[in-house]
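> sequence-free structure coming up:
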Ligand SMILES: [Zn+2]
């Protein structure tokens, strides 16, 4: 087995691992087909309506103004 001549420095190994992480994120994004919304810039699934602003391909699909806020408290 080959034996490394020098200890790998923290910076070197961290740089390498950051590259792995970046690649993993890229692959996951590809698999999920995640993109960014052209209108609000939020992360969204490609070929889906944006859940943040309710737009698809520049057109307003979901009416966000009529959306009811989640009920968290019970008013007696
Ligand atoms: Zn959006």
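Okay, I see it. Just so you know, these numbers come straight off a predicted model, no measurement behind them.
> what lines up beside the helix or strand of the chain with the lowest mean pLDDT in the sheet?
Lowest on mean pLDDT, DSSP states H and E among the helices and strands of the chain sits strand 34-36, with a mean of 86. Applying DSSP bridges, strand 34-36 is found paired with strand 43-45 (antiparallel).
> now the partner strand, how far from the chain's geometric center?
Offset of strand 43-45 from its chain centre (CA atoms, centre = their mean, to the nearest Å): 7 Å.
> Please enumerate residues in contact with that strand?
32, 33, 34, 35, 36, 37, 50, 51, 52 (CB atoms under 8 Å, 6 or more residues apart in numbering). To be clear about C-beta, it is placed using only N, CA and C from the backbone, and glycine gets the same treatment.
> Could you report the separation of residue 29 from residue 49?
Distance, residue 29 to residue 49, using CB to CB, to the nearest Å: 19 Å.
> and these two? which has more neighbours close in?
The neighbour count for residue 29 versus residue 49, taken as other CB atoms under 10 Å, is higher for residue 49 (17 against 12).
> In contact with the closest residue to the more buried one other than its chain neighbours, which residues?
Once flanking residues are discounted, residue 49 sits nearest to residue 56: 4.5 Å by CB to CB, 6 or more residues apart in numbering. By CB under 8 Å, 6+ apart, the contact set of residue 56 is 48, 49, 50.
> rewinding a little: whichever of the contacts of strand 43-45 end up buried, select them in ChimeraX.
Only the buried members of these enter the following ChimeraX selection, criterion being 16 or more other CB atoms under 10 Å:
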select :37,50
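> ok, and which of the contacts of strand 43-45 reach the ion?
Contacts with the ion within the contacts of strand 43-45, as defined by CB under 5 Å from the ion: 37, 50, 52.
> Next, format these as JSON lines and append distance to residue 15 and pLDDT.
Shown next, in JSON lines, are the ones next to the ion among the contacts of strand 43-45 (distance: CB to CB, whole Å; pLDDT from 0 to 100):
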{"residue": "37", "distance to residue 15": "32", "pLDDT": "90"}
{"residue": "50", "distance to residue 15": "35", "pLDDT": "90"}
{"residue": "52", "distance to residue 15": "34", "pLDDT": "86"}
